[in-house]
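K.L.:
sequence and predicted model, in that order:
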Amino acid sequence: MTPAQDAVAAAVTSEHAAVYLYGLVEAYAAPTRKAEIATYAAEHRSQRDALARVLSAAGVNSTLAVILGGVILGRPTLRQLGGQSL
């Protein structure tokens, strides 16, 4: 992957983490806050999906990018793994 694709993959990972965490927050939130939290989660989901489409258009498997975690979670990037698949 190119450095730009690595950056987009890291952004996909970040957005995926945000969606996951908003789900966790919603589970423990007061009922009066759930609609607000759902709105924020939807925004991150939309960004994640848009970035994943960018990767797909470039021929990169965005699901693999999320699984590997990119640089955001301190895991190796696809570039560091030499493009190996799981």
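P.N.:
Cool, got the structure. Please read these numbers as outputs of a predicted model, since none were measured by experiment.

K.L.:
contacts and neighbour counts: CA atoms only from here.
P.N.:
Noted.

K.L.:
tell me the helices and strands packed up against the helix or strand residue 50 falls within.
P.N.:
Assigned by DSSP states H and E, residue 50 belongs to helix 34-57. The contact analysis (3 or more Cα pairs under 8 Å, 6 or more residues apart in numbering; DSSP states H and E) places helix 34-57 against helix 3-28, helix 62-68.

K.L.:
buried ones in it?
P.N.:
Within helix 34-57, the residues scored as buried using 16 or more other Cα atoms under 10 Å are 34, 37-38, 41, 44-45, 47-48, 51-55.

K.L.:
what's near enough to touch residue 27?
P.N.:
Contact analysis of residue 27 by Cα atoms under 8 Å, 6 or more residues apart in numbering lists nothing.

K.L.:
about what we covered before: can you put the helices and strands packed on helix 34-57 in a markdown table and add mean pLDDT?
P.N.:
Converted to a markdown table, these look like this (pLDDT from 0 to 100):
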| stretch | mean pLDDT |
| --- | --- |
| helix 3-28 | 88 |
| helix 62-68 | 60 |
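
K.L.:
before we move on, back to that, give me the residues contacting the helix holding residue 50.
P.N.:
Counting by Cα under 8 Å, 6+ apart, 5, 8-9, 11-13, 15-16, 18-19, 22-23, 25-26, 61-62 sit against helix 34-57.

K.L.:
select from the residues you listed the one having the most neighbours.
P.N.:
residue 9 (32 neighbours; other Cα atoms under 10 Å).

K.L.:
report the backbone C-alpha coordinates of stretch 33-51 in CSV.
P.N.:
C-alpha atoms of stretch 33-51 as CSV (Å, rounded to 0.1, in the frame of the first residue of the first chain):
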residue,chain,number,x,y,z
ARG,A,33,-28.8,10.6,26.0
LYS,A,34,-29.3,7.6,23.7
ALA,A,35,-30.6,9.5,20.7
GLU,A,36,-27.7,11.9,20.9
ILE,A,37,-25.2,9.1,21.1
ALA,A,38,-26.9,7.3,18.2
THR,A,39,-26.5,10.5,16.1
TYR,A,40,-22.8,10.6,16.8
ALA,A,41,-22.3,6.9,16.1
ALA,A,42,-24.1,7.3,12.8
GLU,A,43,-21.7,10.2,11.8
HIS,A,44,-18.7,8.0,12.5
ARG,A,45,-20.3,5.0,10.7
SER,A,46,-20.9,7.2,7.6
GLN,A,47,-17.2,8.4,7.7
ARG,A,48,-15.9,4.9,8.1
ASP,A,49,-18.0,3.6,5.2
ALA,A,50,-16.9,6.5,3.0
LEU,A,51,-13.3,5.9,3.8
